[in-house]
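Enquirer: the following block contains a protein sequence and its predicted model.
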Amino acid sequence: MNNIVPYDFEVERLRRELKDAKNIFIQAPDGLKPYLIEVLKALSSKNIIISTDPCYGGCYILDDIAKEIGSDAIIHFGHEKFIEKEKIPTIYIKCTYIGSLEDLIRKTKERIMKNNYKNVAIFTNAQHIDVLEKFIDSIRTSNINVINGGLVLGCRMDKVKEVSNSMDAIFYLGGGDFHALGISLEIEKPVYVIDPYRNEIREISAIKKKVIAEKWWTIHRAKDAKILGIVIVARKGQFNMDIAMKLKTEFEKVKRNVVLLIAEEVNWERLAPFTFIDAFIITGCPRIALDNRETFYKPVLNIEEAFELLKVIKK
Ligand code: SF4
């Protein structure tokens, strides 16, 4: 593997496990796509088709398409298994981060000591899950208790809620603000990102404040909507028909008209043509509504926000 690639694409494992497969379908998040050239080189004897679609989680498996085009296997980079059963063999490669974390170990320790934290938990994503325990071992001292929180997903925060009460602060090892923000929205403790790509530690409270303000502003604007569009997301791990039907019933009880929609990709371009709909509720990934507010020109809510809206309407 090329030295400048900071992730382990496990090409030897891929060669081994795919030795009898000829046609391969590849999915990867955008952040990993630039490095796929290494995979193409390693699997040059195979017929490979790469999906250009976004790939935010293990919930997004394009096995129907892969099957239709005759793929023998899917390689899904960057996430762990999420859905129960794929229609064709699927190999999940976490793409473990192999860059140096020395500097960040020092900075994390300094931050913990500066704030006099005695109990902290560190969570992470698939790329760093295999290095987290070592990272934690380097931080622990006789008077700092550091818990390994394990993997966190934007839609699964149970462990965060479970441990946060006994912690002074929560840290997240990984890039971007996506997961740390998700954590901070669930708890009232300080949350920090330990970012290997920017080599920095940053607190997330300012972003959290902005997101919460936007959430309540969106709910406020949706309060007077006469026609609501409830969007069912046609993706393996995000398909939530039961919740969509439950929300439909609940909103009809409070005299709202509901239109059911189904979409594979949800963005403003897909919603904009429904000019007769006043507000939308997305029943797939909770982060679609939350992370794309600036691009939506009408109120767009996730499931949790939809239930908040019901409470506001009923008041
Ligand atoms: S539903 Fe959203 S948060 Fe959950 S795994 Fe999929 S992309 Fe991530």
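Expert: All right, it came through fine. Numbering: from 1, shown residues only.
Enquirer: care to break the chain down by domain?
Expert: Using automatic domain parsing, the domain ranges for the chain come out as 7-95, 102-203, 211-314.
Enquirer: now render these as JSON lines, adding mean neighbour count.
Expert: C-betas here are computed from N, CA, C, even on glycine. As requested, those are arranged in JSON lines below (neighbours: other C-beta atoms under 10 Å):
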{"stretch": "domain 7-95", "mean neighbour count": "17"}
{"stretch": "domain 102-203", "mean neighbour count": "18"}
{"stretch": "domain 211-314", "mean neighbour count": "17"}
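Enquirer: okay, those domains in TSV with distance to the ligand next?
Expert: What follows is the domains of the chain, written out as TSV (distance: least, C-beta to the nearest ligand atom, whole Å):
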stretch	distance to the ligand
domain 7-95	3
domain 102-203	3
domain 211-314	3
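Enquirer: dump the ones you listed into CSV; add mean pLDDT as well.
Expert: Converted to CSV, the domains of the chain look like this (pLDDT from 0 to 100):
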stretch, mean pLDDT
domain 7-95, 95
domain 102-203, 94
domain 211-314, 96
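Enquirer: assumed Arg15 was part of a strand.
Expert: No. Read with DSSP: H, G, I helix; E, B strand; the rest coil, Arg15 is helix and lies in no strand.
Enquirer: grab the nearest non-local neighbour of it.
Expert: Distance criterion C-beta to C-beta, 6 or more residues apart in numbering; nearest residue to Arg15, sequence neighbours excluded, is Ala42 at 6.6 Å.
Enquirer: I'd say that neighbour and Arg16 touch.
Expert: No. Taking contacts as C-beta atoms under 8 Å, Ala42 lies outside contact range of Arg16: 11.4 Å.
Enquirer: OK, contacts around the residue nearest to Arg15?
Expert: Applying C-beta atoms under 8 Å, 6 or more residues apart in numbering, we find Ala42 in contact with Phe9, Val11, Leu14, Arg15.
Enquirer: if we use 7 Å, what do you get?
Expert: Listed by C-beta atoms under 7 Å, 6 or more residues apart in numbering, the contact set of Ala42 reads Val11, Leu14, Arg15.
Enquirer: and the gap between the second one and Val5?
Expert: So that's Leu14. Distance from Leu14 to Val5, counting by C-beta to C-beta, to the nearest Å: 14 Å.
Enquirer: now the helices for the chain?
Expert: 11-17, 36-42, 63-68, 102-114, 129-139, 158-164, 178-186, 205-222, 241-253, 268-271, 286-291, 303-314 (DSSP state H).
Enquirer: got the angle for the last one vs helix 241-253?
Expert: Helix 303-314 and helix 241-253 are oriented at 10 degrees to each other (axes from the mean of the first three to the mean of the last three C-alpha atoms, to 10 degrees).
Enquirer: what is helix 303-314 packed up against?
Expert: Packing partners of helix 303-314 (3 or more C-beta pairs under 7 Å, 6 or more residues apart in numbering; DSSP states H and E): helix 205-222, helix 241-253, helix 286-291.
Enquirer: contacts for the longest one next, please.
Expert: With contacts defined as C-beta under 7 Å, 6+ apart, helix 205-222 is touched by 177, 181, 184-185, 190, 279, 290, 293, 299, 301, 305, 308-309, 312.
Enquirer: quick check: the farthest pair among the residues you listed?
Expert: Farthest-apart pair in the contacts of helix 205-222 is Pro190 and Ala279; separation 33.2 Å (C-beta to C-beta).
Enquirer: ok, residues contacting stretch 284-300?
Expert: So stretch 284-300 is contacted by 56, 59, 154-155, 178, 211, 214, 218, 221-222, 225, 233, 235, 238, 240, 266-268, 278-280, 282, 301-305 (C-beta under 7 Å, 6+ apart).
Enquirer: got the contact list for Gly174?
Expert: Listed by C-beta under 7 Å, 6+ apart, the contact partners of Gly174 are Thr124, Asn125, Gln127, His128.
Enquirer: how near is it to Lys298?
Expert: Going from Gly174 to Lys298 by C-beta to C-beta gives 32 Å.
Enquirer: and Gly154, by the same measure?
Expert: Using C-beta to C-beta, Gly154 is found at 23 Å from Lys298.
Enquirer: ok, now Tyr97?
Expert: From Tyr97 across to Lys298, the span is 39 Å (C-beta to C-beta).
Enquirer: again, but for Arg221
Expert: Separation of Arg221 from Lys298 (C-beta to C-beta): 8 Å.
Enquirer: equivalent analysis for Ile139, please.
Expert: Taking C-beta to C-beta, one finds Ile139 at 45 Å from Lys298.
Enquirer: same question for Phe276.
Expert: Distance of Phe276 to Lys298, given as C-beta to C-beta: 11 Å.
Enquirer: same question, Glu102
Expert: Remark: distance between Glu102 and Lys298 (C-beta to C-beta) = 48 Å.
Enquirer: repeat for Thr90
Expert: With distances taken as C-beta to C-beta, Thr90 is found 36 Å from Lys298.
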